[in-house]
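**Student:** Sequence first, then the predicted structure, then my questions.
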Amino acid sequence: MIIMHTANKADFEAEFQTGSYGSKSLDTYGFIHCSDLDTYYLVAPNFRDDYTEKVILLIDTDKLDSEVKWEDGGGLDFPHIYGLLNREAIVGVYEHLWSDTREWIPNKELQEYAVNGFRRPWECIFCKIISGKIPARKVYEDEWTFTFMDVANDVDGHILVVPKTHRKNILDCDETTLAHLMKTVKRISNHLAENCGYNGVNLLNASGESAGQSVPHFHFHIIPRKAGDGIDAWPHFDGAKQNAEEVFSKIRL
């Protein structure tokens with residue numbers, strides 16, 4: 001089985017010369033944190049605030065000298081390596097890529113590697129959550145949509161709303177599915193404001209890799225807000241680079 005670990009590039013390269021890796025993680029946690037191909041898409045964005053250069057290690061558990069235990073990590077089971085990671089078990093090393101807005105970009109070389117030898121890492125994790133193959137904290141469900149808590153644990157009440165029918169993003173979503181999705185987004189937003197002690201929401205969406213979309217299943221993030229909560233959910237821009245009239249002439253319908 002293939003599992004994945006995100007490592008600090010400098011630490012990995014230094015330790016790897018000795019024939020093994022993981023001493024710092026073992027000293028801190030007692031094991032090496034890993035994910036499988038289904039859960040990595042949820043874990044990868046958690047590194048956005050760490051600006052050190054990262055690499056993704058693909059690890060063949062059949063080649064490991066150390067024991068692997070699957071243990072609960074906030075509602076999902078994650079593989080933990082209890083011992084050093086030996087050189088022979090590392091079957092791939094790939095860059096951990098970020099967009100300009102610090103959204104994780106799936107590495108195309110990693111995707112191609114997985115197609116040739118292993119189960120595809122982009123096999124849709126949200127579809128598996130909807131079908132019940134992967135557990136989730138379900139907030140709401142109807143015939144068209146599924147709503148659940150984000151496992152990032154980055155802000156209180158972080159919710160994802162997805163269509164049950166697989167659509168990659170807003171660019172390929174049919175109008176009927178989109179209408180039902182937005183109906184649920186409004187329902188959940190109103191519920192948060194009317195019943196849960198919040199008085200506002202941020203709605204976030206990334207459609208397309210260039211926009212920072214990391215999971216290729218159309219979804220909206222709902223961030224519940226309270227006055228003075230200190231959350232800055234608005235993107236920071238450096239200013240327009242093109243003439244506004246020229247851009248207007250291109251984009252108007």
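**Tutor:** Now that the structure is in, tell me what you want to look at.
**Student:** for the stretch 1-150 of the chain, what are the low-confidence residue spans?
**Tutor:** Across the stretch 1-150 of the chain, the ranges flagged by pLDDT under 70 are 38, 99-123.
**Student:** Go again with 90.
**Tutor:** For the stretch 1-150 of the chain, residues meeting the criterion pLDDT under 90 lie at 1-4, 6-29, 35-63, 71-78, 86-129, 131-136.
**Student:** so the residue most central in space within the chain is in which element?
**Tutor:** For the chain, the residue nearest the mean C-alpha position is L42 (3.2 Å; Cα atoms, centre = their mean). Assigned by DSSP states H and E, L42 falls within helix 40-43.
**Student:** how near is the residue nearest to the centre of the chain to V68?
**Tutor:** Remark: distance between L42 and V68 (Cβ to Cβ, to the nearest Å) = 19 Å. From N, CA and C alone the C-beta is placed, and that goes for glycine too.
**Student:** and what of N86?
**Tutor:** Going from N86 to V68 by Cβ to Cβ gives 12 Å.
**Student:** Would you map the helices across the stretch 1-150 of the chain?
**Tutor:** 9-16, 23-29, 40-43, 108-117, 125-131 (DSSP state H, counting those that start in this stretch).
**Student:** So which of those is nearest V215?
**Tutor:** Closest approach to V215 among those (Cβ to Cβ): helix 40-43, 5.0 Å.
**Student:** follow-up on the earlier one: was I right about the residue nearest to the centre of the chain contacting A152?
**Tutor:** Yes: if you go by Cβ atoms under 8 Å, L42 and A152 touch, sitting 7.2 Å apart.
**Student:** quick one, strands of the stretch 101-250 of the chain?
**Tutor:** Under the criterion DSSP state E, counting those that start in this stretch, strands of the stretch 101-250 of the chain are mapped to 104-105, 138-141, 145-149, 159-163, 200-204, 220-225.
**Student:** For P79, find the nearest of the ones you listed.
**Tutor:** Short answer: strand 104-105, nearest of those by Cβ to Cβ, at 19.7 Å.
**Student:** Let me have the strands of the stretch 101-250 of the chain in a markdown table, adding mean neighbour count and distance to K241 as columns.
**Tutor:** As requested, the strands of the stretch 101-250 of the chain are exported to a markdown table (neighbours: other Cβ atoms under 10 Å; distance: least, Cβ to Cβ, whole Å):
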| stretch | mean neighbour count | distance to K241 |
| --- | --- | --- |
| strand 104-105 | 20 | 21 |
| strand 138-141 | 14 | 40 |
| strand 145-149 | 21 | 37 |
| strand 159-163 | 23 | 32 |
| strand 200-204 | 16 | 23 |
| strand 220-225 | 21 | 27 |
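**Student:** could you dump those to a markdown table with distance to N243?
**Tutor:** Listed next are the strands of the stretch 101-250 of the chain as a markdown table, based on distance: least, Cβ to Cβ, whole Å:
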| stretch | distance to N243 |
| --- | --- |
| strand 104-105 | 29 |
| strand 138-141 | 44 |
| strand 145-149 | 41 |
| strand 159-163 | 37 |
| strand 200-204 | 29 |
| strand 220-225 | 32 |
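**Student:** Compare those strands and give me the one nearest I56.
**Tutor:** strand 104-105 (10.1 Å).
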